[in-house]
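Undergrad: build me a model from this:
(chains A and B)
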Number of protein chains: 2
Amino acid sequence: MNGQLSDNCRNTVDIFQAGLQAVAPGEAIKTFCQLDGERLKVDGQSYDLSQFDKIFVLGAGKAAASMGKALEEILGKRITDGIITVKYDHLEKLQTIKIQEAGHPVPDQNGLDGARAIYQLAKSADEKTLVICLISGGGSALLPLPVAGVTLEDKQETTKVLLACGATIHEINAIRKHLSVIKGGGLAKAVYPATLITLILSDVVGDDLDSIASGPCVPDSKTFADCKAIFTKYSIDDEIPSCVLIHIEAGIAGQVAETPKAGQDFFIKTQNVIVASNFNALLKAKEKAVELGYNTLLLSSMLEGETRDVAANHIAIAREVQLHGYPLQQPACILSGGETTVKIQGTGKGGRCQEFALAAAIKMTGMKNVTVLCAGTDGSDGPTDAAGAFADETTVQRALIAKLDPQQYLDNNDSYYFFDRLGDLYKTGPTNTNVMDLRIILVGSQSTRLEN
Amino acid sequence: MNGQLSDNCRNTVDIFQAGLQAVAPGEAIKTFCQLDGERLKVDGQSYDLSQFDKIFVLGAGKAAASMGKALEEILGKRITDGIITVKYDHLEKLQTIKIQEAGHPVPDQNGLDGARAIYQLAKSADEKTLVICLISGGGSALLPLPVAGVTLEDKQETTKVLLACGATIHEINAIRKHLSVIKGGGLAKAVYPATLITLILSDVVGDDLDSIASGPCVPDSKTFADCKAIFTKYSIDDEIPSCVLIHIEAGIAGQVAETPKAGQDFFIKTQNVIVASNFNALLKAKEKAVELGYNTLLLSSMLEGETRDVAANHIAIAREVQLHGYPLQQPACILSGGETTVKIQGTGKGGRCQEFALAAAIKMTGMKNVTVLCAGTDGSDGPTDAAGAFADETTVQRALIAKLDPQQYLDNNDSYYFFDRLGDLYKTGPTNTNVMDLRIILVGSQSTRLEN
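TA: Here you go, the predicted model:
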């Protein structure tokens, strides 16, 4: 395509950008929060601001600054105080809310300092305080506050042991929450008896509130006894730092408090709202595709699994569209989201989205008029400067002319250089949001409708 | 379920059986071929039988006997002569058409004898003969007729070398067709100048006429030079039997004839009709699901890839249905077909369909009211006596109560014993047809509609 986007590619970009716009932090916050006189309306609930003495804004995550900016635009000087932790350089100019920059994905001292400041502000909230908490991807690493007697290094060592023994992400999170003051409902407990609204930008498949940033404002379903059972299950008592074991035992003995549980008072005055998710992006992308004249199928926002298999499944659907007019007629737009994985076996450079496009290009051999765009909503696909890549029925042919063997590039996980050589990378730069990936497959062009 | 099928399971069976009925050889032949006085109507084309002196029936495949029976029921004594080759024990009582039983998947002397007899009858056809050829899965192994100077063993040795060097199925077929008198259009050439109707029951993803039984009645797109290039590409000249190399070189030198090519006279009076395919089965299954009150999505008849990934993708769609009402509203029925693969890493017993059901059961954790049936249309899933298995949201829980660890059974590729213990295998016995697999996923039950 060499800088000259085809009409179909341009359509995939328009559809992608429509989805992206819906999940831009500012847009997302403003969609779900409106000020009407003294009433703050949040996703169907209404708060009378005159009932509150103070409004605090807390939070963490890569998009927290953008979310904070939108909130300041809505509430202005009504915000009494605030502090949020963001990844280095993920800044915005804010009026009242202070910003702490910190390390991600590896937590650092700045993160500890930020978490402590956030926790202190949270504790100072009272019955007449409205606390608004802003959560987005990266929030877990950016809010490290270990329980007394356990250091950040102890927590990290514990996580390392759990990863090595093959514990599931749910098991690891159960332990993490029991070693943190903030995670697993800790922040909700800290602000109690204030009123708490949590605005969430979800980067987790299925939008599980429990998992996004380790659920600082939602009940924890696991207990200290569950944690001990996990250590026993994997026979790792010897490898876990002793201070961690002591803390877990103290919890079982009732000497330290359990993480907050469902039904407890901490959660009576809380509202959790997902303001932006992969599904929100897909829904807006679908609207755009319909506007452009495509029959559209919103397949799922929750696709995971090995990238090339997921790509093959998408192209199998595209083939059915072309061969039999099922599951929908041409011109068709198939949309999906989620985040796939790549079992790396080569030494090349690429990302899951670029690999999806490459695998799809190979699978669409012999088809006519199919265009694919797969890209990450954060603008950064794997360790590359591209968000994703385009593929269409000409990709393999153009590659062969350029002496690139598509299968060889796929086997070497070298999708970045493949699409770079063809001029088919999709670069957006950082987007300031992250709701995982979007995949757009167009089958037939809009003119197909006329030809039929 | 223990013999007591739930309402949802019963619905999946009804939907599966509706699909199966559409591709039963007899039903399929009668849908596409009708006799109206002296006119035989075949999928939109009409043949005046009074113009023909003779009607021959040829063919091979596991379903050939059942197809032959249906054809005899339509044409009766109008059939002059016929011979078909079937797998041992795949018999029917026929009037005129002779049946040769032979080895499958490994060809044997009986197969050679049958192919020779079929070829001789084909050669005896003239301008006033109507030849009807019946092709179904297994037809390739059941129609072995090597070119002069090459034995069956030479062909088998060649295939073995090609498989070992990593040649693609398309490359292997290119060679095979050039070593066969019948494959790659050879049968069409043999019956020329007769009129030829080929009725096909497809067991190939995408219904590629070229691939089904190695395309005895369709043009071959590959040349002797292509064959030589394949040997060179994999550097296997030393391993290929010398008689095979000699034949290929003779072909390049023009000393033996090329396989029949598109545009040649052999194909002027031929009609190829796919009378049964995975898509046909899905379409009827869809009708049944609609009749039962489900919103239905016919996803694709062409799904391939690693079974557990394909299962995860299906459940991700089911989750979207339940969470957001996309791509369709509950009660929903998602239908797909094709044939997945299993990278065997364990030592258990199972088949791709049973493994699909097990992987799906694990992935549906936390969901409500989801029911899966995945089964092979031939009634035989892998080396087991089951066609497939049922799974629903109770499967994992019931397994744990029975002290079966679902993940462990999946890791060991031991889906047969898993479902056998739960009483959730689906057994149909041999069905006499094969259009690969059907997958049926119900989300919500019919009563969900009333509850909404």
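
Undergrad: which SS class is A:I99?
TA: The local conformation at A:I99, judged by DSSP: H, G, I helix; E, B strand; the rest coil, is strand.

Undergrad: I figured it hits A:L91, correct?
TA: Yes - counting by C-beta atoms under 8 Å, A:I99 touches A:L91, with 6.3 Å between them. Bear in mind the C-beta positions are built from the backbone N, C-alpha and C, glycine included.

Undergrad: between the two, which contacts overlap?
TA: Common neighbours of A:I99 and A:L91 (criterion: C-beta atoms under 8 Å, 6 or more residues apart in numbering or on different chains): A:A65.

Undergrad: look at those two and report which has more neighbours.
TA: Higher neighbour count among A:I99 and A:L91: A:I99, with 19 against 13, using other C-beta atoms under 10 Å in any protein chain shown.

Undergrad: can you pull the pLDDT of that one?
TA: We note a pLDDT of 97 for A:I99 in this prediction.

Undergrad: list the contacts for it?
TA: With contact taken as C-beta under 8 Å, 6+ apart, A:I99 is in contact with A:65, A:68, A:83-86, A:91-92.

Undergrad: and the gap between it and chain B?
TA: From A:I99 over to chain B the distance is 34 Å, taken as C-beta to the nearest C-beta, to the nearest Å.

Undergrad: give me the beta-bridge partners of that residue?
TA: Beta-bridge partners for A:I99, by DSSP bridges, are A:I84.

Undergrad: what angle separates the lengthiest helix in chain A from helix B:307-324?
TA: The single longest helix within chain A, with elements called by DSSP state H, is helix A:307-324. With axes from the mean of the first three to the mean of the last three C-alpha atoms, to 10 degrees applied, the angle from helix A:307-324 to helix B:307-324 works out at 70 degrees.

Undergrad: in the stretch 301-450 of chain A, which spans are strands?
TA: A:332-338, A:370-376, A:388-392, A:425-426, A:437-443 (DSSP state E, counting those that start in this stretch).

Undergrad: CA atoms only: put the third one into PDB for me.
TA: Output of strand A:388-392 as PDB, limited to C-alpha atoms (Å, rounded to 0.1, in the frame of the first residue of the first chain):
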ATOM      1  CA  GLY A 388      -0.700  -3.000  14.100                       C
ATOM      2  CA  ALA A 389      -0.800  -3.700  10.400                       C
ATOM      3  CA  PHE A 390      -3.000  -4.000   7.300                       C
ATOM      4  CA  ALA A 391      -3.400  -7.100   5.200                       C
ATOM      5  CA  ASP A 392      -5.400  -7.800   2.100                       C
END
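
Undergrad: partner strands of it, parallel or antiparallel?
TA: Paired neighbours of strand A:388-392 in the sheet (DSSP bridges): strand A:370-376 (antiparallel), strand A:425-426 (antiparallel).

Undergrad: mind checking how far A:V106 is from chain B?
TA: From A:V106 to chain B the distance is 30 Å (C-beta to the nearest C-beta).

Undergrad: since we're on that residue, how many residues are nearby?
TA: A:V106 sits with 10 neighbouring residues when counted by other C-beta under 10 Å.

Undergrad: so how far is B:N432 from it?
TA: Distance of A:V106 to B:N432, computed by C-beta to C-beta, to the nearest Å: 62 Å.

Undergrad: ok, A:C133 next?
TA: 63 Å.

Undergrad: the more surrounded of those two?
TA: Higher neighbour count among A:C133 and B:N432: A:C133, with 27 against 20, using other C-beta under 10 Å.

Undergrad: tell me the contacts of A:Y47?
TA: Neighbour list for A:Y47: A:39-41, A:130, A:195, A:197 [criterion: C-beta under 8 Å, 6+ apart].

Undergrad: domain ranges for chain A, per the record?
TA: Here the domain assignment for chain A is A:7-16+A:283-442, A:24-145+A:180-222+A:259-276, based on automatic domain parsing.

Undergrad: what is the end-to-end distance of the shortest one?
TA: Separation of the first and last residues of domain A:7-16+A:283-442 by C-alpha to C-alpha, to the nearest Å is 11 Å.

Undergrad: from the chain's centroid, how far away is that domain?
TA: For domain A:7-16+A:283-442, the separation from the chain centroid amounts to 19 Å (computed by C-alpha atoms, centre = their mean, to the nearest Å).

Undergrad: now the longest one
TA: Put simply, domain A:24-145+A:180-222+A:259-276 sits 16 Å off its chain's centre (C-alpha atoms, centre = their mean).

Undergrad: if you rank the contacts of A:I99 by neighbours, which is first?
TA: A:T85 (33 neighbours).

Undergrad: quick one, which of the strands paired with strand A:388-392 is nearest to B:E157?
TA: For these, the distance to B:E157 is smallest for strand A:370-376, at 40.0 Å, taking C-beta to C-beta.

Undergrad: between that closest one and strand A:437-443, how many degrees?
TA: Using the same axes, to 10 degrees, strand A:370-376 lies at 170 degrees relative to strand A:437-443.

Undergrad: and strand A:370-376, what's its mean pLDDT?
TA: Here the average pLDDT along strand A:370-376 is 97.

Undergrad: over to stretch A:214-232?
TA: In this model, stretch A:214-232 has an average pLDDT of 95.

Undergrad: what about that stretch, start to end distance?
TA: For stretch A:214-232, the first-to-last residue distance is 23 Å (C-alpha to C-alpha).

Undergrad: do that stretch and chain B meet?
TA: No - for stretch A:214-232, no contact with chain B is found by C-beta under 8 Å from any C-beta of the partner chain; the gap never falls below 11.7 Å.

Undergrad: alongside chain B, which residues does chain A contribute?
TA: Listed as neighbours of chain B in chain A under the rule C-beta under 8 Å from any C-beta: A:206, A:279, A:282, A:297-306, A:309-310, A:312-313, A:316-317, A:319-320, A:323-324, A:326-327, A:338.

Undergrad: mark which of those are buried, thanks.
TA: A:206, A:279, A:282, A:297-306, A:309-310, A:312-313, A:316-317, A:319-320, A:324, A:326-327, A:338 (16 or more other C-beta atoms under 10 Å in any protein chain shown).

Undergrad: residues of the helix or strand that contains A:A18 that come out buried?
TA: With elements taken from DSSP states H and E, the one containing A:A18 is helix A:7-22. If you call a residue buried by 16+ other C-beta under 10 Å, then helix A:7-22 has these buried ones: A:8-9, A:11-16, A:18-22.

Undergrad: what does stretch A:331-345 give?
TA: By neighbour count with 16+ other C-beta under 10 Å, stretch A:331-345 contains the buried residues A:331-340, A:342.

Undergrad: now render those as CSV, adding pLDDT and distance to B:I29.
TA: Formatted as CSV, these follow (pLDDT from 0 to 100; distance: C-beta to C-beta, whole Å):
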residue, pLDDT, distance to B:I29
A:P331, 97, 36
A:A332, 98, 33
A:C333, 98, 38
A:I334, 98, 35
A:L335, 98, 40
A:S336, 98, 39
A:G337, 98, 44
A:G338, 96, 44
A:E339, 94, 48
A:T340, 93, 43
A:V342, 92, 47
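
Undergrad: and which of those residues is nearest B:Q156?
TA: The nearest member of these to B:Q156, counting by C-beta to C-beta, is A:V342 at 38.3 Å.

Undergrad: quick one: that closest one and A:D309 touch, right?
TA: No - using C-beta under 8 Å, A:V342 is not in contact with A:D309; the gap is 10.9 Å.

Undergrad: need phi/psi at the nearest residue to A:A28 once chain neighbours are set aside.
TA: Nearest in space to A:A28, with sequence neighbours left out and distances taken as C-beta to C-beta, 6 or more residues apart in numbering or on different chains, is A:A276 at 3.7 Å. Torsion angles at A:A276 (phi, psi; degrees, to the nearest 10) stand at phi -150, psi 130.

Undergrad: what sits against A:A276?
TA: By C-beta under 8 Å, 6+ apart, the contact set of A:A276 is A:22-25, A:28, A:201-202, A:433, A:435.
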